[in-house]
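>>> can't give you the sequence, but here's the structure:
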């Protein structure tokens, strides 16, 4: 079952730099390995239930079985966790046997963030895939693949 409509795919190609931007927050994936990457707009595009929270984007690297769920957030990092959990739960059937990573880009940190129930709930679905939850609170997150 394909839960990702074609109109939600922003690109599906080899790019040296893959960027997600929203409200001054930036996630940048430097594709130094030359992989084909599919960028999908999740929020306001993927059809979940209207009451479901959605993350902003995902980037899939099919050739290595990895997907990165991305939330670009102001300061409400706990809400970001709920959005990511909801999106991953809804789309996990699309990414069976994938490493599921999470990236949160915000503008400020929340003390005790990793001890919140929402973080622990998200960690329980990401960790078994050998995925990682990483966050940046300086409005930009950049990594190489």
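Cool, the structure landed. These numbers come from a predicted model, not from an experiment.

>>> Break down this structure into its strands, ranges please.
Taking DSSP state E, the strands of the chain run over residues 9-14, 17-22, 25-30, 36-41, 57-61, 66-72, 99-105, 133-136, 140-144.

>>> Show me what the fifth one is in contact with.
The contact list for strand 57-61 (CB atoms under 8 Å, 6 or more residues apart in numbering) reads 18, 20, 27, 29, 35-43, 66-70, 72, 87, 91, 95, 98, 145. C-beta coordinates here come from the backbone N, C-alpha and C atoms, glycine included.

>>> Equivalent analysis for the third one, please.
If you take CB under 8 Å, 6+ apart as the criterion, strand 25-30 is touched by 16-21, 37, 57, 59, 68, 70, 72-74, 103, 105-107, 139-145.

>>> Output the below-cut-off pLDDT ranges for this structure.
1, 48-51 (pLDDT under 70).

>>> Phi first, then psi, for the residue nearest to residue 91 when sequence neighbours are not counted.
Leaving aside its chain neighbours, residue 91 sits nearest to residue 3 (5.8 Å; criterion: CB to CB, 6 or more residues apart in numbering). Main-chain dihedrals, residue 3, degrees, to the nearest 10: phi -90, psi 0.

>>> Report the separation between residue 3 and residue 41.
13 Å (CB to CB, to the nearest Å).

>>> Neighbour count for these two, which is higher?
residue 41 (18 against 13; other CB atoms under 10 Å).
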